[in-house]
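Enquirer: this is the structure alone, sequence omitted:
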Ligand code: C5P
């Protein structure tokens, strides 16, 4: 995770430099220590003072700086870093790095470091598509550099094409993913479900619920940040899929079941945060139902119980949104669905449950132990749940061997 990490942010001369200011700001807000290294060209676009004010640290610019706090600046910077991010990265800096040229602070730092390097290119579409740039990028990828973007859209020239600096959210997501590679879920395959399902009534209507998907998306994000390879099976939501997570979009309970059965074949944990519709119309009308009658009945039939149906040796975590007898009802579900853990929340509590960013949950395990958590952000809840999942994972592995 980003907290307390030492990140070198290399900034090169592109019109997208102003976006790097926000990247630095986000990293600082998340508790990272950020050392900005600016090339001379970058300083033509944004004054170093901006980065200095945001990071609360001197901006590194020159090769030979007698006032520097570091002795051999590029070596010290490189050695102290957990990660180097170059955003925006021009065609020029990419070419330099691919050619092993080290003639300024940034290229020297990159050459001197052994930590992961993320590159977010920003350049004109023709420059990006040029074979030379493509070969340089392929070469750096081959050396283990992680590339994020560029995105497609309007460029500074007014043309539309590939070359825009990746969205800030995407850059930050990639930083989380790369820093999480050695986390306690590294190389674990985790399946998460999120959102509510929609069961068609006719071509324009459906039966749904108020699930926002926020809890499941937070789990997917938290698991990614701890190094897991995550498959997120999601009902329709208004959320952005987390970067670095494989997202499978579904609509109905049956589609969700099929996607989860498939995704869990290689999984080590399934966290079912989705609010799956319990019933669906027996048959969806082929054409739009007209308001001709005073009353209308729709026959509903049960949907598959996904947790009940998916078989396999993996950690199984269910969620229970309850409005009464929270612990008792959750215990019944834990037993009935053969779960390792159930995360229960009282949806009548303030700031908890559907739609909001916070949740107050109770985690119950197979042994009946009850852990009551305070009101937390959904991301914090996600980490607390994953702390419990991590502890269950080795047990499952040992079971396999015996
Ligand atoms: O809806 P209910 O409260 O029974 O959900 C409890 C758990 O079971 C949740 O984790 C939910 O995702 C899961 N579930 C399921 N298949 C259903 C209904 C719920 O897997 N058809």
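Expert: Yep, that arrived. The shown structure was predicted, so the numbers you read here are calculated from the model rather than taken from an experiment.

Enquirer: residue 138 sits in which helix or strand?
Expert: Remark: residue 138 resides in helix 131-142, with elements defined by DSSP states H and E.

Enquirer: contacts for that helix, please.
Expert: Applying CB atoms under 8 Å, 6 or more residues apart in numbering, the external contacts of helix 131-142 come out as 91, 94-95, 97-99, 119, 121, 123, 127-128, 147. For the C-beta atoms, the positions are set from N, CA and C on the backbone; glycine is no exception.

Enquirer: chain center to it, what's the gap?
Expert: What separates the centre of helix 131-142 from the centre of its chain is 26 Å, taken as CA atoms, centre = their mean, to the nearest Å.

Enquirer: report the buried residues of it.
Expert: Buried residues in helix 131-142, counting neighbours by 16 or more other CB atoms under 10 Å, are found at 133, 136-137, 140.

Enquirer: ok, now stretch 166-173?
Expert: Neighbour-count burial for stretch 166-173 flags 166-168, 170-173 (criterion: 16+ other CB under 10 Å).

Enquirer: can you check stretch 196-216 too?
Expert: Along stretch 196-216, the positions that meet the burial threshold by neighbour count (16+ other CB under 10 Å) are 196-201, 205-209, 211-216.

Enquirer: is it positioned near the ligand?
Expert: No. Against the ligand, stretch 196-216 shows no contacts by CB under 6 Å from any ligand atom, the least distance being 8.3 Å.

Enquirer: any idea how far that stretch is from the chain center?
Expert: How far stretch 196-216 lies from its chain's middle: 23 Å, per CA atoms, centre = their mean.

Enquirer: avg pLDDT for the one helix or strand residue 393 maps to?
Expert: According to DSSP H and E, residue 393 maps onto helix 378-401. Average pLDDT, helix 378-401: 81.

Enquirer: just stretch 147-165 next, same as before
Expert: Mean predicted confidence for stretch 147-165 is 90.

Enquirer: give the buried residues for it.
Expert: Judged by neighbour count using 16+ other CB under 10 Å, the buried positions of stretch 147-165 are 147-150, 155, 161-165.

Enquirer: could you do stretch 79-86 as well?
Expert: By neighbour count, and taking 16+ other CB under 10 Å as the criterion, the buried residues in stretch 79-86 are 81-86.

Enquirer: distance between the ends of that stretch?
Expert: Criterion CA to CA, to the nearest Å; first-to-last residue distance in stretch 79-86 is 17 Å.

Enquirer: and the residue of the stretch 1-150 of the chain nearest the ligand?
Expert: Taking CB to the nearest ligand atom, the ligand has its nearest neighbour within the stretch 1-150 of the chain at residue 1, 26.0 Å off.

Enquirer: name the helices or strands packed onto the one helix or strand in the chain whose mean pLDDT sits lowest?
Expert: Of all regular secondary-structure elements in the chain, judged by mean pLDDT, DSSP states H and E, the least confident is helix 73-80 with a mean of 78. Helices and strands in packing contact with helix 73-80 are listed as strand 6-11, helix 105-112; criterion 3 or more CB pairs under 8 Å, 6 or more residues apart in numbering; DSSP states H and E.

Enquirer: buried deepest among these, which one?
Expert: strand 6-11 (a mean of 26; mean count of other CB atoms under 10 Å).

Enquirer: helix 105-112 and that strand, what's the angle between them?
Expert: Using axes from the mean of the first three to the mean of the last three CA atoms, to 10 degrees, the interaxial angle of strand 6-11 with respect to helix 105-112 works out to 130 degrees.

Enquirer: can you give me the helices in the stretch 51-200 of the chain?
Expert: 73-80, 91-99, 105-112, 125-129, 131-142, 168-179 (DSSP state H, counting those that start in this stretch).
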